[in-house]
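Participant: task: produce atomic coordinates for the following.
(one chain, ligands or ions: 1)
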Amino acid sequence: MDYEGEFLKGLIELQYGGDVVEELKKLSKNVSWAKGWPEDNKVFWNAEAFMWNNKISKEKKEVIAGELNGSKGLNGLGEERNLDLGCGAYSYVRSVGFDFSEKMLQFNDNLVERVKGDLEQELPFDKDAFASVTAVFLFNYIKNYEQLLLGVKRVLKPGGVFMMVLFGGEVNEWQRQKEVSKLNFEEWRKCLKDVGFEVESYKKEGLWFFKCVNRKII
Ligand SMILES: C[S@@+](CC[C@H](N)C(=O)[O-])C[C@H]1O[C@@H](n2cnc3c(N)ncnc32)[C@H](O)[C@@H]1O
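Facilitator: This next block holds a predicted model:
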């Protein structure tokens, strides 16, 4: 039996609302990279990688790309050296991509470098290593988000920009099971300011944008 093929077919059914979780759990035991699905976070995201490019609409992608790259966003800084945290299978800016899912990293074709690691741990980069940092649809999945924000400040050059993008509405129930930090718009803004960023925040097309300038050196 082609367990991997059956597992991947089941994931597609799941995406369209099929009641296949228990069947997929059984199949996952015979797929080397899927053992522990869906409880194990890294394995969960490895499986999501196969569907990822269909999950975000073309319209939303265009809005995000426009805001990140435009004058209100990175304004050319990203071309210098951008770090994309939780880059997944899609980066909006050519980047050093950081993610704990090797499948996501493998499918992402906008990376100059792929770094596999856990964002709940300290970032493995030098102080002032990046001109800009991006994080799209990530922070709701990070428990130690304050520690990560301090890490972003450390690896970002003085005057560098951190762009954080979040989905304003409810994400689908399947992905929601992995959310560990649910702050509202004002709470995220306050948190970013408390870390020491100069913050400009706005909402557009159901998305939340936080442009954070690194004015302090820590
Ligand atoms: C919702 S996806 C967003 C992907 C991409 N940024 C995008 O906009 O298409 C969240 C990503 O964060 C990664 N991720 C979640 N928790 C992580 C952690 N603790 N360490 C590293 N990556 C993590 C997942 O593997 C996944 O690729």
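
Participant: what strand or helix carries Gly97?
Facilitator: strand 95-99 (DSSP states H and E).

Participant: what's that strand packed up against?
Facilitator: Strand 95-99 sits against strand 82-85, strand 111-116, with contacts defined as 3 or more C-beta pairs under 8 Å, 6 or more residues apart in numbering; DSSP states H and E. Quick note: C-beta positions are derived from backbone N, CA and C, even for glycine.

Participant: can you tell if the last one touches the ligand?
Facilitator: This means strand 111-116. No - shown here: strand 111-116 not in contact with the ligand (C-beta under 6 Å from any ligand atom), separated by at least 8.3 Å.

Participant: so whichever residue of the chain sits closest to the ligand: helix, strand or coil?
Facilitator: Proximity of the chain to the ligand (C-beta to the nearest ligand atom) peaks at Gly88, 2.4 Å away. Classification of Gly88 by DSSP: H, G, I helix; E, B strand; the rest coil places it in coil.

Participant: find the nearest non-adjacent residue to it, please.
Facilitator: Met104 (4.7 Å; C-beta to C-beta, 6 or more residues apart in numbering).

Participant: and that neighbour, what element?
Facilitator: Per DSSP H and E: helix 102-107 holds Met104.

Participant: pLDDT weak spots in the protein?
Facilitator: 216-218 (pLDDT under 70).
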